[in-house]
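Undergrad: Whatever this is, show me its structure:
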Amino acid sequence: MNTYLAYNKNIFKDKIILLPFDTNESNFFAYFMINFKRLGIKELIATSYNASGRGTMANISINKKHLSKLKSDGDFRSKEVVKLRNKADFIITNLPFSLFREFIKWCDESNKKFAIIGNLNAISTKDIFPLFQQNKLWLGASINSGDRKF
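TA: This next block holds a predicted model:
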C-alpha cells in the first residue's frame, strides 16, 4: 500500500475500501484500521466466507464500528457481497489462489480499482495475460530473496 501512497498520498481519502476474504484479524484489515484516520478513509468493509453458514462483515467508518453476520455465506459472488463491491472505491485482498481467475474477472467487470496478492504464474494464463496487455493489471512489489513487501 505504501507504493500507492508514495504515488498519491490521498489515494484513499474519502474512499470506501472493501476487503473480501478478510476477517477482522487479517493484516490488510489491521493496516487499514491502524491508518484509518491518517489515510482519511471514509469506510472500511471486510467480509469473510463461512462454508457452513453465514459469513461475517466488519464495517468501520468515522462514527461506527460494527461486526455482524451476513445473510449469505459471504462468498464474493453472492448478491450481498456484489452490492458491497459496487459501492466500494477499492477492492483489496489476499484471496485463495484457486479463485484467482474468477476473482480478477469479478473485479474487472466492476471497473473498480483493486490490489490483490496473487501467484506470479497466474499472469501467463489466457484469462489474465490480456488484462496486462490492456494495461488493466500491473505487477506490484514482489518477493525478493525471501523479503515480502506489501
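
Undergrad: Need the contact partners of the worst-scoring helix or strand of the chain on mean pLDDT.
TA: Every helix and strand of the chain was ranked by mean pLDDT, DSSP states H and E. The lowest is helix 129-133, at a mean of 79. With contact meaning C-beta atoms under 8 Å, 6 or more residues apart in numbering, helix 129-133 is reached by 104, 108, 123, 137-138. Where C-beta positions appear, they are placed from N, C-alpha and C, glycine not excepted.

Undergrad: again, but for stretch 74-81
TA: 20-21, 47-50, 54-57, 70-72, 82, 85, 95, 99, 102-103, 106.

Undergrad: likewise stretch 8-20?
TA: Taking C-beta under 8 Å, 6+ apart as the rule, stretch 8-20 contacts 4-5, 26, 28-29, 32, 39-47, 76, 81, 84-85, 87-93, 95.

Undergrad: Could you pull up the residues touching the most centrally placed residue in the chain?
TA: For the chain, the residue nearest the mean C-alpha position is residue 92 (1.8 Å; C-alpha atoms, centre = their mean). Shown in contact with residue 92 (C-beta under 8 Å, 6+ apart): 1, 17-19, 28, 114-116.
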